[in-house]
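Participant: Return atomic coordinates for the entry below.
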Amino acid sequence: MPGENINIQVQITDNSPEVLNAVAIAIQRALFQMGETAEGHAKENPPCPVKTGRLRNSITHQETRDQTVIGSNVEYAAAQELGTSRGITGKHFLKSAVANHTAEYRNIVKESMMNV
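Facilitator: Residues are numbered from 1 along each chain as shown. As a prediction, the model looks like this:
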């Protein structure tokens, strides 16, 4: 009706800290799952060359805040991965573990983010 006052109250709640925390947790979850998956793919024979099993058993992954790193601390891992000028052909077992499974990693991220 004309001249009638309407009283409306609006309350705005900032949930951005909770949302950002949930996203950070989802990212860490995805990074861990991708690391576990990449480690498994790298340890497959092939691509990982196996003579004694030392190289395969040394492959591991580590997550930081924004990335997953996969690798080995065995002294001859780089020569096996990249090859040498003395006739060792690179096996690219680490590179293959990542590059040949991008759709799988994409799905891991997608699924992790859907749970936010």
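Participant: Against residue 2, how distant is residue 116?
Facilitator: From residue 116 across to residue 2, the span is 48 Å (C-beta to C-beta, to the nearest Å). C-beta here means a position set from N, CA and C on the backbone, and glycine is covered the same way.
Participant: more neighbours, the two?
Facilitator: residue 116 (13 against 3; other C-beta atoms under 10 Å).
Participant: What separation is there between that one and residue 42?
Facilitator: 29 Å.
Participant: By residue count, which helix of the protein is the longest?
Facilitator: With residue count as the measure and DSSP state H as the assignment, the chain has helix 16-43 as its longest helix.
Participant: C-terminal to that helix, which secondary structure element comes first?
Facilitator: For helix 16-43, the following helix or strand on the C-terminal side (DSSP states H and E) is helix 54-58.
Participant: Report all helices and strands that that next one contacts.
Facilitator: If you count contacts as 3 or more C-beta pairs under 8 Å, 6 or more residues apart in numbering; DSSP states H and E, helix 54-58 packs onto helix 77-82.
Participant: ok, 10 Å please
Facilitator: helix 16-43, helix 77-82 (3 or more C-beta pairs under 10 Å, 6 or more residues apart in numbering; DSSP states H and E).
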